[in-house]
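>>> Sequence and predicted structure, then a few things I'm wondering about:
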Amino acid sequence: MKKAELEFALRKAGEIAHEKDFIIFGSQAIWSIVSNAPEIVVISSEVDLYRKNSLNAVSLLVRELGPRTPFFQKHGYYVDCVDPGLATLPEGWTERLVAFRTEDTGGVTGWCLEIHDLVASKLAAGREKILSLLRLYLGANFSTRASYLTASKSCRSQLQARSRCAIR
């Protein structure tokens, strides 16, 4: 997804949901810190959004902007409404969200996962494409290996805690 497409998707989501704030969970979060994203981000056809303040419009967003909609057929990308409870995120991730807001988002802000939290979450989920992203991020000097490891350890602790609860 290109930057202009993310801006348009955010603007449309804001109009439909009557909301000004969304959390961006997936690889599109990189747009909060770069002006030119890696190819692996640009070729993605979705933006993972969560309505920051309320869940009331999720079904409406899925119906209007989801993968089986005229919006997707026309534009070639869609909004995927996700639940942050399904992701494994490092402690304190909500305090590190990075704002993505431009003139073209129509007053809507996409609150993006901070780069370390994004990578740690993807690593915790065991997503294969994260290895490519991690190599790109390290190569582009977005951060240091140590910073990613610290965030990943936080996720690992949460995964262990969840496993213990599931066993009980």
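Yes, it's here. Residues are numbered from 1 along each chain as shown.

>>> Check the burial of Pro67 by counting its neighbours.
Neighbour count of Pro67, defined by other Cβ atoms under 10 Å: 14. Heads up, the C-betas are built off the backbone N, CA and C, glycines and all.

>>> again with the one 4 residues further on
In terms of burial, Phe71 registers 20 neighbours under the definition other Cβ under 10 Å.

>>> was I right about it contacting Val62?
No: if you go by Cβ atoms under 8 Å, Phe71 and Val62 don't touch, sitting 10.7 Å apart.

>>> can you tell me which strand in the chain is longest?
strand 46-51 (DSSP state E).

>>> Contacts only, for Glu39.
With contacts defined as Cβ atoms under 8 Å, 6 or more residues apart in numbering, Glu39 is in contact with no residue.

>>> separation between it and Lys2?
According to Cβ to Cβ, to the nearest Å, Glu39 stands 11 Å off from Lys2.

>>> Helices of this protein, start to end?
Under the criterion DSSP state H, the chain contains helices at 3-17, 39-42, 58-65, 70-75, 115-125, 129-139, 145-167.

>>> ok, and what's touching the fourth one?
Contacts to helix 70-75, defined as Cβ under 8 Å, 6+ apart, come from residues Glu5, Phe8, Lys12, Ser45, Glu64, Leu65, Gly66, Tyr78.

>>> Recalculate using a threshold of 7 Å.
Glu5, Glu64, Leu65, Gly66, Tyr78 (Cβ atoms under 7 Å, 6 or more residues apart in numbering).
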